[in-house]
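[1] Sequence first, then the predicted structure, then my questions.
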Amino acid sequence: MRSKQRLLRHLLPRRAAVAIAIAMLGTGGCGGNSGQGQTATPSTSLPASTTTMTSVPATTVPTTTSTTVPPTSTTTTTRPSSLEPPVIQLAGYTTVYSQDGHLRVSGWLDRPAEVIVGGTLVDVYDDQYGGISTFETFLELEPGEYAIPIAATDQFGLENEVYLSVLVDPALEMQIALIEEIDLIGRTLVADYVEFLTGDEATLAAREDGVIGEDQETPGGFYLRNRNPRLRTLTLGDLRVVTVQACMVEGPCAADRAVDIDTWVELSANPDMAEEQVGWSWYGAGFAPYWLTLQDGVVVQIVEQYIP
């Protein structure tokens, strides 16, 4: 395997990062309940008693009426006037290229909410990370272009919606590679294609290559195999973000996170600056390979591979 696995850092001047979050404003509803009074009216009348000798006037016991009316209790839940709609943060790109149409859609919210993806209610895992909720679902799409709505509605009825753009095209080319150089001015990158193997396949390949002994297993259960040292210079398309593996300060760790491509180049030179610069730490830190998606030979998508 090539020992050189990190980006060359010195091709571009540093530029400011751009991070995008989605937030919107709104309002909510209320509810209440009340009780009813109860009335008890006992009435007793004694019958008249008479004899043939003496007439005894009838005795009547006066009627007593007691009425108890409980106080009315009303509970009203009112949304705070300053409350905004739930924030939806998608994991990774908001534009996705897929070769086979198998798509994982995930993200996180700033509060518990109902989430609907493409018209289907999906599972939400509430309050996993100190107020952050996460959602995930899987889609199988036929070839074509899609604009998939992702809507979140909280307990107050406040709603937010974002869209995921998807292109499914079997003609797309997918390659996993170590990125050796990148030139944003010339819009090129230099890639070293590798194989990403897991499980038994990784162990057998690593043994064949003499990387581990015959009685050993691959650390982490994966193996990057590089049997062809050829470097390829590829043209960069109009992609503006790169998806990396991030550890959020308050949120999931090793989650897909889209970062501005200029910021990605800067962080590749100094991964330890990620938390200060973008508010999260970089799990891969520039050492992991990337999945490159090529359309007609042009790189249109870059996604970092998770490494255990």
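    Alright, I've got the coordinates.
[2] gap between residue 92 and residue 275?
    19 Å (Cβ to Cβ, to the nearest Å). Bear in mind the C-beta positions are built from the backbone N, C-alpha and C, glycine included.
[3] where does the stretch 151-300 of the chain dip in pLDDT?
    For the stretch 151-300 of the chain, the stretches flagged by pLDDT under 70 are 250-251.
[4] one more time with 90, if that's ok
    Where the stretch 151-300 of the chain drops to pLDDT under 90, the residues are 219-221, 229, 239-240, 243-260, 262-288.
[5] show me where it has strands.
    159-168, 173-183, 188-193, 195-198, 222-225, 232-236, 241-248, 253-260, 280-282, 290-295, 298-304 (DSSP state E, counting those that start in this stretch).
[6] What residue spans form the domains of this protein?
    88-168, 173-243+258-304 (automatic domain parsing).
[7] The last one: end-to-end distance?
    Domain 173-243+258-304 stretches 16 Å from its first residue to its last (Cα to Cα, to the nearest Å).
[8] who's the residue nearest to the spatial centre of the chain bridged to?
    Of all residues in the chain, the one closest to the mean position by Cα atoms, centre = their mean is residue 107, 1.0 Å from it. Applying DSSP bridges to residue 107 gives these bridge partners: residue 90, residue 135.
[9] As TSV, the strands of the stretch 151-300 of the chain with distance to residue 116 and mean neighbour count would be great.
    Output for the strands of the stretch 151-300 of the chain, formatted as TSV (distance: least, Cβ to Cβ, whole Å; neighbours: other Cβ atoms under 10 Å):
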stretch	distance to residue 116	mean neighbour count
strand 159-168	9	18
strand 173-183	29	18
strand 188-193	38	19
strand 195-198	33	16
strand 222-225	35	20
strand 232-236	35	15
strand 241-248	24	22
strand 253-260	21	20
strand 280-282	27	20
strand 290-295	27	19
strand 298-304	25	21
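[10] which one of residue 92 and residue 275 has more residues nearby?
    Set side by side, residue 92 and residue 275 show more neighbours around residue 92, with 22 against 14, by other Cβ atoms under 10 Å.
[11] Now do the contacts for the closest residue to that one other than its chain neighbours.
    The spatial neighbour of residue 92 that comes closest, neighbours along the chain excluded (Cβ to Cβ, 6 or more residues apart in numbering), is residue 256 at 3.7 Å. Residue 256 makes contacts with 91-92, 106, 243-246, 303, as judged by Cβ atoms under 8 Å, 6 or more residues apart in numbering.
[12] and those residues, which two are the farthest apart?
    106 and 244 (15.0 Å; Cβ to Cβ).
[13] pLDDT weak spots in the stretch 1-150 of the chain?
    For the stretch 1-150 of the chain (pLDDT under 90), the answer is 1-83, 89, 91-94, 108, 110, 125-134.
[14] Residue 155 contacts residue 126, doesn't it?
    No - look at residue 155 against residue 126 with Cβ atoms under 8 Å: they stay out of range, at 10.9 Å.
[15] Pull up the overlap in contacts between the two.
    Common neighbours of residue 155 and residue 126 (Cβ under 8 Å, 6+ apart) are residue 112.
[16] For burial, what's the neighbour tally of residue 186?
    Count around residue 186 with other Cβ under 10 Å applied: 11.
[17] And it, how close does it get to residue 234?
    11 Å.
[18] What are the boundaries of the helices in the stretch 51-200 of the chain?
    199-208 (DSSP state H, counting those that start in this stretch).
[19] residue contacts, residue 274?
    246, 267, 280-282.
[20] how about the residues you listed in a markdown table, adding distance to residue 100?
    Converted to a markdown table, the contacts of residue 274 look like this (distance: Cβ to Cβ, whole Å):
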| residue | distance to residue 100 |
| --- | --- |
| 246 | 25 |
| 267 | 30 |
| 280 | 30 |
| 281 | 32 |
| 282 | 28 |
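[21] Just tell me which of the domains of the chain ends up closest to residue 252.
    So among the domains of the chain, domain 88-168 is nearest, using Cβ to Cβ, at 6.3 Å.
[22] Surely residue 113 and residue 131 touch.
    No - between residue 113 and residue 131 there is no contact under Cβ under 8 Å: 12.0 Å.
[23] more neighbours, those two?
    Neighbours per residue (other Cβ under 10 Å) separate residue 113 from residue 131, with residue 113 holding more: 23 against 13.
[24] can you pull the contacts of residue 202?
    Counted by Cβ under 8 Å, 6+ apart, residue 202 has contacts 218, 221-223.
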